[in-house]
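Colleague: based on what follows, work out the 3D shape:
(chains A and B)
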Amino acid sequence: EVQLVESGGGLVQPGGSLRLSCVASGFTFSDHYMDWVRQAPGKGLEWVGRIRKRRNGYTSEYAASVKGRFSVSRDDSKNLLRLQMNSLRAEDSAVYYCARVTAAPGTFHFDSWGQGTLVTVSS
Amino acid sequence: DIQMTQSPSTLSASVGDRVTITCRASQSISTWLDWYQQKPGKAPKVLIYKASSLESGVPPRFSGSGSGTEFTLTISSLQPDDSATYYCRQYDSYPVTFGPGTRLEIK
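Modeller: Predicted structure coming up:
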């Protein structure tokens, strides 16, 4: 069974840093692009960033709202996805989901999601 | 960035009704669009990808159509379990963008 389990959320002060983790199981993690998506309380979904797989150079993409502050990384040996968040702002408060991008050719939809971890940025 | 809009923002319908949600992109995205269903407190779940392909395990009452800038998600016969918020998402170009969502309520 495919599982994605996020952790690392919590309360952090504005300007602070936090690192989220997403542990994958039940599939070959290294075969998939992985994304982070967030959802502020009562709001819609917002894509945060992506990291490609080794074959694609582990390159990454980011939303403009987090570029330069957030960084996505992965450790395929540990089936681990990370999101390093620096210079946090109140508007970064959200539930953060990790999402698996399908390995099926010709499409890039999210075929599995974690349960989410809540980040609250407040003094 | 490609902007996504959805209409209506909320929708109330009865069990058995045929329901259609529309998603529009600010520029052509070919068929690089998918649809997600999200229930309160849960992660989203994909229903349709590549505009019209039904994800495995999703009931066939869900269907998608469209290309370019206009897309629709149709539920052919609404069921009580379909009460949720529905989001479209474009993945034609970065940044990937979601629509604002359509909240579907069962009367």
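
Colleague: tell me where the chain has strands.
Modeller: In the absence of a named chain, chain A is used. Per DSSP state E, chain A carries strands over the ranges A:3-7, A:10-12, A:18-25, A:34-39, A:45-51, A:60-62, A:70-75, A:80-85, A:94-101, A:110-113, A:117-121.

Colleague: I was thinking of chain B, sorry if that wasn't clear
Modeller: Using DSSP E, strands in chain B cover B:4-7, B:10-13, B:19-25, B:33-38, B:45-49, B:53-54, B:62-67, B:70-75, B:84-90, B:97-98, B:102-106.

Colleague: reformat these as TSV; add distance to chain A, mean pLDDT and mean neighbour count.
Modeller: All C-beta atoms are positioned from the backbone trio N, CA, C, and that covers glycine. TSV is the format used below for the strands of chain B (distance: least, CB to the nearest CB, whole Å; pLDDT from 0 to 100; neighbours: other CB atoms under 10 Å in any protein chain shown):
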stretch	distance to chain A	mean pLDDT	mean neighbour count
strand B:4-7	9	98	17
strand B:10-13	13	97	14
strand B:19-25	13	98	20
strand B:33-38	4	98	26
strand B:45-49	4	98	23
strand B:53-54	7	97	18
strand B:62-67	11	98	18
strand B:70-75	14	98	20
strand B:84-90	6	98	24
strand B:97-98	4	98	22
strand B:102-106	10	97	17
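
Colleague: so which of the strands of chain A gets nearest residue B:58?
Modeller: With CB to CB, the closest approach to residue B:58 among the strands of chain A belongs to strand A:110-113: 11.2 Å.

Colleague: so how far is the closest one off the chain centroid?
Modeller: How far strand A:110-113 lies from its chain's middle: 12 Å, per CA atoms, centre = their mean, to the nearest Å.

Colleague: pairing partners for that strand, with directions?
Modeller: Here strand A:110-113 has these sheet partners by DSSP bridges: strand A:94-101 (antiparallel).

Colleague: tell me who's in contact with the one residue sitting closest to the centre of chain B.
Modeller: Centroid-nearest residue in chain B, with CA atoms, centre = their mean: residue B:35, separated by 3.9 Å. By CB atoms under 8 Å, 6 or more residues apart in numbering or on different chains, residue B:35 lies in contact with B:23, B:46-49, B:62, B:64, B:73, B:86-89.
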